[in-house]
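Undergrad: Coordinates for the following, if possible.
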Amino acid sequence: MKKFLTFFSLVLFTGTICVAQKVSLYSIGEFGKEDYEEFAFWVKANKRSEINYSYGKSNKEVKLKFIGIGVLNGNQCFKVQFSNNYILHIVPQGAQIKVSDLSGKYNKYFAWKYEGPVNGIGTFCEPCAEDEDQAMKLLKLYYLK
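TA: Okay, here's the model as predicted:
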């Protein structure tokens, strides 16, 4: 118990986010429809972890690889790569992320996705970012540095 209180006090004192496991979810379209897309940016043990991309009616999931930070059109971004070497640039903008490729053919804005009960119905997502502010803080802290 003493170790927990010391750890908890340290987190409060420093004002930093100390995460065992958190995920920032961003989506576009309607879940269960063909136009649905979702990015899940995981942080585990205070380190950038896996990135998952889900899409379509069947919500097929693909693991992406983080390949570094950069600048796109004057904005700080980070890059992710699919297994076929296709690269997307993720640019945090306000409460959204802009996701695009260099050709400009893929250029979409994704909003933070709430994952939890609605009107008391559904289950709570423990690792999910609590709100769009926390989701963006996690991205900036673990993916843009």
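Undergrad: you'd agree Lys137 is in a helix?
TA: Yes: according to DSSP: H, G, I helix; E, B strand; the rest coil, Lys137 belongs to a helix.
Undergrad: what about it, distance to Val80?
TA: Distance of Lys137 to Val80, given as Cβ to Cβ, to the nearest Å: 19 Å. (Glycine included, C-beta is placed from N, CA and C.)
Undergrad: what's the strand or helix carrying Gln76 packed up against?
TA: Assessed by DSSP states H and E, Gln76 sits inside strand 75-81. Where contact means 3 or more Cβ pairs under 8 Å, 6 or more residues apart in numbering; DSSP states H and E, strand 75-81 is packed against strand 60-72, strand 87-93.
Undergrad: Please identify which of those strands is closest to Ile51.
TA: strand 60-72 (4.3 Å; Cβ to Cβ).
Undergrad: How about the closest one, which residues are buried there?
TA: Leu64, Phe66, Leu72 (16 or more other Cβ atoms under 10 Å).
Undergrad: How about stretch 96-103?
TA: Gln96, Ile97, Lys98, Val99, Ser100.
Undergrad: any idea how far it is from the chain center?
TA: Its chain's average C-alpha position is 14 Å from that of stretch 96-103, according to Cα atoms, centre = their mean, to the nearest Å.
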